[in-house]
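>>> Quick one: sequence plus predicted model below, questions after.
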Amino acid sequence: MEKIVINGSNPLKGEVEISGAKNAVVAILPATILAQDVCRIENIPDISDVTMMIKILSQLGAQIKMINRSTLEIDTRGINSFIVPHELTKHLRASYYFLGALLGRYSRAKVSMPGGCCFGVRPIDLHLRGFELLGSKISIDNAMINASADKLVGSAIYMDNVSVGATVNVMLAAVKAKGLTVIENAAREPHIVDLANFLNSMGADVRGAGTDVIKIRGVDKLHGCTYSIIPDQIEAGTYMVAAAATKGDVLIKNVIPKHLESITKKLIDCGVEVEEFDEAVRVRCDKRPEKCNIKTMPHPGFPTDMQPQMTVLLALADGTSIVSESVWDNRFKYIDQLIRMGANISVEGKVAIVQGVEALKGAPVGADDLRAGAAMLIAGFAAQGQTVIENLSHIDRGYERFVEKFTALGGDIQRVNFPDEGESEAESAG
Ligand code: UD1
């Protein structure tokens, strides 16, 4: 079994380049199906979620050409199936975007339920209700979701909860529906805006993305385009917190500072220095961080996907911080691992009370899910001694070349094969 071995306590220093956004690319790759043409997508991160998405597209009949390490040409003219079986959906949550994309192209889609959940119940009722309002019939048989419509027709759709996934799926299904679709209480994340920009580059008429009302006027036909994925807000935030937690000094390049505002604000509240440039941020810290409270919220609030990483910083802060998780029911599982490293944290329901300690100590820990894995990396770099992290497949789903990137910052990190142990399968979501 492969594990990460980190010898901690080194301040991370230098420059790191952020890759394309995972949560944007996992929506944009299925969206290419709607073009029935050739799309060239740039700034694609080399992560295992992308590998799975490409596998699904290929099995559906798309031709995929690698132009360079981060650019793919995807020809969806030859797609000849609207069925995505369980073997292909079980590893990633975002496989459900094939429902919206195939429904949008064929008015039919049969997609197996997406991969297992890591942080509580992850319902998809809002996705399915959205498809029904567009005129699709839905049935679920043996964990296969079957959506079919004579014709998709635009509709007014109010989301009871702010949901990234449901907003994306309805956008995908609605771009070629007849007439106007209005999504109210839509998610406003940067990746929603990126998807809208991509759809519009293919000839769609999507307005209002980035606000809570998105209007989509259906068009008959879309066409291929060239499009570059936005930088990953959460990868950037992870390196920002890693710099702060190790009392380092890191220039984080290829970012959109506006997307990082909620993270920047909290770091500043902790006494960390953050300097913004046009496409970079520099994070410096030379003292113990101060306590601060965090409540996760949909964008533009503090992202739930940064909650575990930020909790590591607060575990080392001077004073007691309160972390409230308001998006997911069960996103504090990783805290047991931090406690093994000497953190003083208690959890009451969806609230963690974090009493800062002066230092963490290296320990064997696991990456319970993708962002929990990111938190373990940061804790490992900040801790005294050696940390060994297992279940790397979770981290590989969302962090491109992280060993290389942290090594370039002076981190003592290695991927080591421990041959005696069996491989554990990653079934994850994100
Ligand atoms: C996406 C992100 C994930 C992030 C999450 C919240 C991707 C691929 N993943 O996940 O990393 O943690 O946004 O920012 O982009 N809900 C319902 N019914 C539904 C759908 C969602 O009640 O049909 C609820 C969920 O239980 C949750 C909340 O809405 O409490 C937000 O979920 P959602 O925004 O849909 O998350 P994902 O799209 O799955």
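Thanks, I have the structure now.
>>> So which residues make contact with the helix or strand harbouring residue 267?
Using DSSP states H and E, residue 267 sits in helix 261-269. Contact partners of helix 261-269, identified using CB atoms under 8 Å, 6 or more residues apart in numbering, comprise 233, 237, 240-241, 244, 257, 274, 276, 281, 283, 290, 292, 294, 299-303, 306, 310, 313. For the C-beta atoms, the positions are set from N, CA and C on the backbone; glycine is no exception.
>>> Tell me which of the residues you listed fall in strands.
274, 276, 281, 283, 294 (DSSP state E).
>>> Look at the first one and report its pLDDT.
As predicted, residue 274 sits at a pLDDT of 98.
>>> cool, the fourth one as well?
In this model, residue 283 is scored at 98, pLDDT.
>>> which among the contacts of helix 261-269 end up buried?
233, 237, 240-241, 244, 257, 274, 281, 283, 292, 294, 299, 302-303, 306, 310, 313 (16 or more other CB atoms under 10 Å).
>>> before we move on, the earlier item: got the angle for the helix holding residue 267 vs strand 280-284?
In terms of direction (axes from the mean of the first three to the mean of the last three CA atoms, to 10 degrees), helix 261-269 departs from strand 280-284 by 20 degrees.
>>> Strands of the stretch 51-200 of the chain, start to end?
63-68, 71-75, 83-84, 108-112, 137-141, 144-148, 156-158, 180-184 (DSSP state E, counting those that start in this stretch).
>>> tell me the average confidence for the last one?
What strand 180-184 shows for mean pLDDT is 98.
>>> Look up the closest residue to residue 323, ignoring the ones flanking it.
Nearest in space to residue 323, with sequence neighbours left out and distances taken as CB to CB, 6 or more residues apart in numbering, is residue 352 at 4.3 Å.
>>> Now for the one you found: which residues touch it?
Applying CB under 8 Å, 6+ apart, the residues contacting residue 352 are 311, 322, 323, 325, 332, 335, 345, 346.
>>> Give me every residue in the chain lying close to the ligand.
23, 26, 93-94, 122-127, 161, 163-166, 187, 304-305, 327-328, 430 (CB under 6 Å from any ligand atom).
>>> Quick check, central residue of the protein?
residue 23 (4.2 Å; CA atoms, centre = their mean).
>>> Tell me if I'm right that it and residue 189 touch.
Yes - counting by CB atoms under 8 Å, residue 23 touches residue 189, with 7.2 Å between them.
>>> circling back to that earlier point, quick one, grab the pLDDT at the residue nearest to the centre of the chain.
Looking at residue 23, its pLDDT stands at 97.
>>> what kind of secondary structure is it in?
Following DSSP: H, G, I helix; E, B strand; the rest coil, the label given to residue 23 is helix.
>>> Just give the nearest non-adjacent residue to it, would you?
Distances taken as CB to CB, 6+ apart place residue 191 nearest to residue 23, at 4.4 Å, with adjacent residues excluded.
>>> what's near enough to touch the one you found?
21, 23, 24, 27, 164, 168, 230.
>>> which residues of this protein score low on pLDDT?
Residue ranges of the chain with pLDDT under 70: 116-121, 421-430.
>>> And the residue of it closest to the ligand?
Distances between the chain and the ligand by CB to the nearest ligand atom are smallest at residue 165, namely 2.9 Å.
>>> That residue touches residue 96, doesn't it?
Yes - counting by CB under 8 Å, residue 165 touches residue 96, with 6.6 Å between them.
>>> which residues do these two both contact?
124, 127.
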